[in-house]
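*Asks:* For reference, the sequence and a predicted model appear below.
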Amino acid sequence: IIKKKIRKSKRLILDSKINLARNNFFLSKLRNDIISYYQGKSTISLEEKEVLEYLKNNKVTVFPYDFKNKYNKEEIIVYLDESNGLKYVYHEDKKLYFKRSHTVNYIKSLYNGLLIDQDKDSPHLYLTDSFNLNESDVIADIGAAEGNFSLSNVERVKKIYLFEYDNEWIEALRATFKPWQHKVEIYNKFVSDTNSDTRISMDNFIKINNDISFLKIDIEGEELNFLKGAADFLSVKQNLKMAICTYHKQEDEKKITSILKNNNFEVNHSKRFMIFVFDKNIKAPFLRRGLLRAQKRSKTNE
């Protein structure tokens, strides 16, 4: 038994080293491919040039910009809530809980990434000074995960609907939003274009709750299916704002922009680019907008 465990442990270590080597090779090749592609273009934009100059001196990364260097995961303090056994960090002076299975080091890395995501210079920034929330807004947080976006805004808005498919996050979300349970509803469902015990479409949800005024959507490349399942809602709803991610798939920005404009939304993309290194089939032009910010005003305000 001991010999088997040793062999298994050695095999796991070897597999880990092989996977690391493969990933490093992929990232190195991707970096060279991006540099070669943009150096070969007759003209490039200032935003593209900024990425090119970064890659000439740095490894390829999701956010190819220096702003992320001001964040250090080792400065993050992780606490344990003895009342429920969950670990948490203080996010804007509020407790943000994590999955029970998460280690302290993993939480530090994960939360550090969340801070980078929402930096003022990030391509993944949901809100800006001109695209923001107010006390009458009702948020539908589609793909809530940790819930950091809603936690940042929970005291600013009227109500929040949280949608998260991952069962492990539900316990953490309930702990995070316990102080605001009077205004936050949590749904353990994936929002898409179908309806079942585990899935729901926005068109079906609004039959019960039709007060949503802001959509935040980050659902791992299923954004187009979300829009398909929200076709009726988007066509008739007025005074609606939306921040929807477009970095998971190369064509999403173009396709989603078209759908939203056809539904009378004003559409603007976030500044700068992301390189979605987790897409192992990524290809030219490589650089993707992080998200779109869209707004549909009421006809009386047009």
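*Replies:* Arrived safely, thanks for sending.

*Asks:* give me the low-pLDDT residue ranges for the stretch 1-150 of the chain?
*Replies:* 1-16, 20 (pLDDT under 70).

*Asks:* Show me the helices in this structure, by range?
*Replies:* According to DSSP state H, the chain carries its helices in the segments 2-39, 46-57, 104-117, 148-153, 167-176, 202-205, 223-228, 231-236, 252-262.

*Asks:* Can you convert those into a markdown table and add a column each for mean neighbour count?
*Replies:* Yep, even glycine has a C-beta here, placed from its N, CA and C like the rest. Output for those, formatted as a markdown table (neighbours: other Cβ atoms under 10 Å):
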| stretch | mean neighbour count |
| --- | --- |
| helix 2-39 | 12 |
| helix 46-57 | 14 |
| helix 104-117 | 17 |
| helix 148-153 | 22 |
| helix 167-176 | 19 |
| helix 202-205 | 20 |
| helix 223-228 | 20 |
| helix 231-236 | 16 |
| helix 252-262 | 17 |
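
*Asks:* Turn these into a markdown table, including distance to Lys296.
*Replies:* Listed next are the helices of the chain as a markdown table, based on distance: least, Cβ to Cβ, whole Å:
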| stretch | distance to Lys296 |
| --- | --- |
| helix 2-39 | 35 |
| helix 46-57 | 27 |
| helix 104-117 | 25 |
| helix 148-153 | 20 |
| helix 167-176 | 28 |
| helix 202-205 | 14 |
| helix 223-228 | 13 |
| helix 231-236 | 8 |
| helix 252-262 | 8 |
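
*Asks:* Leu287: what's it in contact with?
*Replies:* Leu287 makes contact with 34, 48, 51, 273-275, according to Cβ atoms under 8 Å, 6 or more residues apart in numbering.

*Asks:* Nearest to His182, out of the helices of the chain?
*Replies:* Relative to His182, the nearest member of the helices of the chain by Cβ to Cβ is helix 167-176, separated by 13.5 Å.

*Asks:* Give me the contact list for that closest one.
*Replies:* 81, 84, 86, 88, 94-101, 144-147, 151, 162, 164, 186, 188.

*Asks:* what does stretch 200-207 give?
*Replies:* 140, 161, 163, 187, 189-195, 212, 226, 229-233.

*Asks:* Drop anything exposed from those.
*Replies:* Buried subset of these (neighbour count, 16 or more other Cβ atoms under 10 Å): 140, 161, 163, 187, 189-193, 212, 226, 229-230, 233.

*Asks:* Just give me the neighbour total for the closest residue to Arg31 other than its chain neighbours.
*Replies:* Computed as Cβ to Cβ, 6 or more residues apart in numbering, the closest residue to Arg31 that is not its neighbour in sequence is Val60, at 4.0 Å. Val60: 21 surrounding residues under other Cβ atoms under 10 Å.

*Asks:* For Val60, which residues are in contact?
*Replies:* So Val60 contacts 27-28, 30-31, 34, 275, 277 (Cβ under 8 Å, 6+ apart).

*Asks:* swap in Ile76?
*Replies:* With Cβ under 8 Å, 6+ apart, Ile76 has these contacts: 89, 107-108, 111-112.

*Asks:* Counting neighbours, what do you get for Asp211?
*Replies:* 12.

*Asks:* now stretch 80-99: how far from the chain's centre is it?
*Replies:* Computed by Cα atoms, centre = their mean, to the nearest Å, the chain-centroid distance of stretch 80-99 equals 20 Å.

*Asks:* buried set for it?
*Replies:* 86-89, 91, 94-99.

*Asks:* could I get that stretch in CSV with only the CA atoms?
*Replies:* Provided in CSV are the C-alpha atoms of stretch 80-99 (Å, rounded to 0.1, in the frame of the first residue of the first chain):
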residue,chain,number,x,y,z
LEU,A,80,-11.7,32.5,9.7
ASP,A,81,-15.3,32.9,10.8
GLU,A,82,-15.6,30.4,13.7
SER,A,83,-19.4,30.7,13.6
ASN,A,84,-19.7,29.0,10.2
GLY,A,85,-16.2,27.7,9.4
LEU,A,86,-15.8,29.8,6.3
LYS,A,87,-12.8,32.0,5.4
TYR,A,88,-13.3,35.6,4.4
VAL,A,89,-11.5,38.8,3.5
TYR,A,90,-12.6,42.4,4.1
HIS,A,91,-13.8,43.9,0.8
GLU,A,92,-14.4,47.6,1.1
ASP,A,93,-15.0,47.1,4.9
LYS,A,94,-17.5,44.3,4.3
LYS,A,95,-16.9,40.5,4.7
LEU,A,96,-16.5,38.6,1.5
TYR,A,97,-16.7,34.8,2.1
PHE,A,98,-15.2,32.1,0.0
LYS,A,99,-15.8,28.4,-0.7
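
*Asks:* What's the end-to-end length of stretch 71-91?
*Replies:* 14 Å (Cα to Cα, to the nearest Å).
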